[in-house]
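**Student:** what would the 3D arrangement of this be:
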Amino acid sequence: MSNIYNIYGTDSHNMTLKLLEASNAISLVPSGGNVALKPNLVVAGHPDDGATTHAGVLSGCIEYFRDNGIQDISIIEGSWVGDNTSRAMKTAGYDEVCRKYDVPFFDLKHDKTRSISTPIGDIEVCVRALEAGLLVNLPVLKGHCQTIMTCALKNLKGCLPDKEKRRFHALGLTRPIAALGASLKTGLIIVDSICGDLNFEEGGNPVHTNRMFLGTDPVQIDAYGAGLMGLELDRVPYIMIAEKWGAGRAWFTEKDIISLNEPDNAGSYPRPSGRVAGLTKNVHEDSACSACYASLVRALYVNDRGRGRSIYIGQGWKGKKLPDGVLGVGNCCSGAGECVKGCPPSAKDIAEKF
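**Tutor:** Sure, this is the predicted structure:
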């Protein structure tokens, strides 16, 4: 069983370095092997919009592996069908990372492909992903309009040529995503959950969790991410199908989660706007940390019964008796008659209280 390393904050570069150092990630690189970094560049959008991997995740990886003697490092990705990968990498700031560290970026839309055997038949995969000594998967934890959520397993779809991506959609996404995850192995996963979008893969409704986490098992990582988003695993069926087909194990315990710092290191939650503001209109927030508030937002999104409740959250309520009938979220609001304990509680635990 793999450990999941968890860290809070807003500096994606330094957070990435600390995760890699804590997990001794260099041990995963085969002797003489190269490292290929696979971010999420689904569209030409700024990472703060909640759709794409922050550039600091890439620079942190490059510095770590370079400092540990790995010189052959590349960034590989192909945007979704209809978007331009080159434009997307510039919008996300990857061009500056490539110049600073002299690291090549390869647009997988123009890569050669090779057929691999999977549980649903042959799938065409880009050669640079297949030939990586260590393929480092750098997804964004976010919502998705078709698959409910996207994280480690679905991010591998960017390693396919456009014609194969179209075929995945024609096949319904679920089984193809699971099959690809079982057949294209990634040795390391670092999830950018700093501000993943609430419900759309292309961004626009970011939820600031100010969190990142690292693991080596894509099924376990996705199961953990689903819990953070308040989702039961049956809402994201490709996770359990991928487990059945040998991509990893979904099960984990609290002992498997190694936290490198506390949620209050992440700072307060930014003022909500748009969809998030509508979800939280009955929330009484006072100095809430980002991780706790994001769990609440996601719980309200997946279980609309909570939107009519008066909810209290934040460090400003610590030690205070709260009004009768309200729901307190987090250990700081234990003065409520009904409270979801945790620091932070998961979105799943909060949603169950509604």
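
**Student:** send the alpha carbons of stretch 99-106 over as PDB?
**Tutor:** Output in PDB follows, covering the C-alpha atoms of stretch 99-106 (Å, rounded to 0.1, in the frame of the first residue of the first chain):
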ATOM      1  CA  ARG A  99      13.500  28.900 -21.100                       C
ATOM      2  CA  LYS A 100      14.700  29.200 -17.500                       C
ATOM      3  CA  TYR A 101      15.700  25.600 -17.100                       C
ATOM      4  CA  ASP A 102      16.500  24.800 -20.700                       C
ATOM      5  CA  VAL A 103      13.900  21.900 -20.700                       C
ATOM      6  CA  PRO A 104      12.100  20.900 -23.900                       C
ATOM      7  CA  PHE A 105       8.400  20.900 -24.300                       C
ATOM      8  CA  PHE A 106       6.900  18.200 -26.600                       C
END
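
**Student:** and the helices in the stretch 101-250 of the chain, which stretches?
**Tutor:** For the stretch 101-250 of the chain, applying DSSP state H, counting those that start in this stretch gives helices covering 127-130, 152-155, 162-170, 174-183, 218-228, 238-244.

**Student:** which one, of these, ends up nearest to Glu254?
**Tutor:** Glu254 lies closest to helix 218-228 among the helices of the stretch 101-250 of the chain, at 11.0 Å (Cβ to Cβ). Quick note: C-beta positions are derived from backbone N, CA and C, even for glycine.

**Student:** and the angle for that closest one with helix 174-183?
**Tutor:** 130 degrees (axes from the mean of the first three to the mean of the last three Cα atoms, to 10 degrees).

**Student:** contacts for helix 218-228 next, please.
**Tutor:** 1-2, 4, 137, 141, 149, 151-153, 156, 181, 186, 189, 191, 193, 209, 211, 213, 215, 232-233, 235-236, 239, 242-243, 247-252, 256-257, 295, 298, 346-348 (Cβ atoms under 8 Å, 6 or more residues apart in numbering).

**Student:** hang on, the earlier thing: nearest to Ser59, of the helices of the stretch 101-250 of the chain?
**Tutor:** Once these are compared by Cβ to Cβ, helix 152-155 is nearest, at 18.8 Å.

**Student:** rounded mean pLDDT for that closest one, please.
**Tutor:** Per-residue pLDDT over helix 152-155 has a mean of 96.

**Student:** hang on, the earlier thing: quick one, which of the contacts of helix 218-228 are buried?
**Tutor:** 2, 4, 137, 141, 149, 151-153, 156, 181, 186, 189, 191, 193, 209, 211, 213, 215, 236, 239, 242-243, 247-248, 250, 252, 295, 298, 346-348 (16 or more other Cβ atoms under 10 Å).

**Student:** the bottom helix or strand of this protein by mean pLDDT?
**Tutor:** Here the helix or strand of the chain ranked lowest by mean pLDDT, DSSP states H and E is helix 275-279, holding a mean of 74.

**Student:** dump the C-alpha coordinates for stretch 284-291 into CSV.
**Tutor:** This file holds the C-alpha atoms of stretch 284-291, laid out as CSV (Å, rounded to 0.1, in the frame of the first residue of the first chain):
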residue,chain,number,x,y,z
HIS,A,284,-21.2,32.5,8.4
GLU,A,285,-17.4,32.5,7.7
ASP,A,286,-14.9,34.1,10.1
SER,A,287,-11.2,33.5,9.3
ALA,A,288,-11.7,30.1,7.7
CYS,A,289,-8.6,28.4,6.3
SER,A,290,-8.8,27.5,2.7
ALA,A,291,-8.8,23.7,3.1
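
**Student:** in it, which residues are buried?
**Tutor:** Per 16+ other Cβ under 10 Å, stretch 284-291 contains these buried residues: 284-285, 288-291.

**Student:** among the residues you listed, name the least confidently predicted one.
**Tutor:** Lowest pLDDT within the buried residues of stretch 284-291 is found at Ser290 (67).

**Student:** what sits against the closest residue to His46 other than its chain neighbours?
**Tutor:** Spatial nearest neighbour of His46, chain neighbours left out: Thr91 (6.2 Å); criterion: Cβ to Cβ, 6 or more residues apart in numbering. Counting by Cβ under 8 Å, 6+ apart, Thr91 touches 44-46, 52.

**Student:** just the buried ones from these?
**Tutor:** Using 16+ other Cβ under 10 Å as the threshold, 44-45, 52 are the buried ones among those.

**Student:** distance to Ile221, pLDDT and secondary structure added to those, as TSV?
**Tutor:** TSV is the format used below for the buried ones among the contacts of Thr91 (distance: Cβ to Cβ, whole Å; pLDDT from 0 to 100; DSSP: H, G, I helix; E, B strand; the rest coil):
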residue	distance to Ile221	pLDDT	secondary structure
Ala44	26	82	coil
Gly45	23	82	coil
Thr52	18	94	coil
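
**Student:** same list, those, but as CSV with distance to Val329 please.
**Tutor:** Listed next are the buried ones among the contacts of Thr91 as CSV, based on distance: Cβ to Cβ, whole Å:
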residue, distance to Val329
Ala44, 36
Gly45, 30
Thr52, 29
